[in-house]
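**Student:** Build me a structure from this.
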Amino acid sequence: TLEELPLLRVGVSLLVKYEECDHCHDWEVGVHGIIIRFECGRGKGYSATYLPEVAKEQSGTNQRLFSHYVTNIIDGIKKIQYFL
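**Tutor:** Next comes the predicted model:
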């Protein structure tokens, strides 16, 4: 509503300088965003992008967060019945 407009806060994240990593845990929590891409049968490709702020808010190690992110992606795919 118009009354809520003064309470609005906006943040911007610029995703630039993408780098391929050597290992799925080769990123720093709160510094790097990550893009996870994979294929899951029948030639279907999936991807998800996580901003550095998301990892920082969730706290934890990059290994734990990566595992959590992948699990969320797979659960989402299953829910929309695209998983094999």
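**Student:** what's the helix ranked longest in the chain packed up against?
**Tutor:** Longest helix in the chain, counting residues (DSSP state H): helix 62-79. The helices and strands touching helix 62-79, judged by 3 or more Cβ pairs under 8 Å, 6 or more residues apart in numbering; DSSP states H and E, are strand 34-39, strand 45-50, helix 52-58. Using the backbone N, CA and C atoms, a C-beta is placed for each residue, glycine as well.
**Student:** could I get the ones you listed as CSV with distance to Leu7 and mean pLDDT?
**Tutor:** Listed next are those as CSV, based on distance: least, Cβ to Cβ, whole Å; pLDDT from 0 to 100:
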stretch, distance to Leu7, mean pLDDT
strand 34-39, 31, 78
strand 45-50, 26, 78
helix 52-58, 20, 71
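**Student:** which stretches of this protein have low pLDDT?
**Tutor:** 40-41, 55-60, 77-84 (pLDDT under 70).
**Student:** Report the central residue of it.
**Tutor:** A centroid search over the chain (Cα atoms, centre = their mean) returns Tyr50, at 2.5 Å, as the residue closest to the centre.
**Student:** Look up the closest residue to it, ignoring the ones flanking it.
**Tutor:** Ile34 (5.2 Å; Cβ to Cβ, 6 or more residues apart in numbering).
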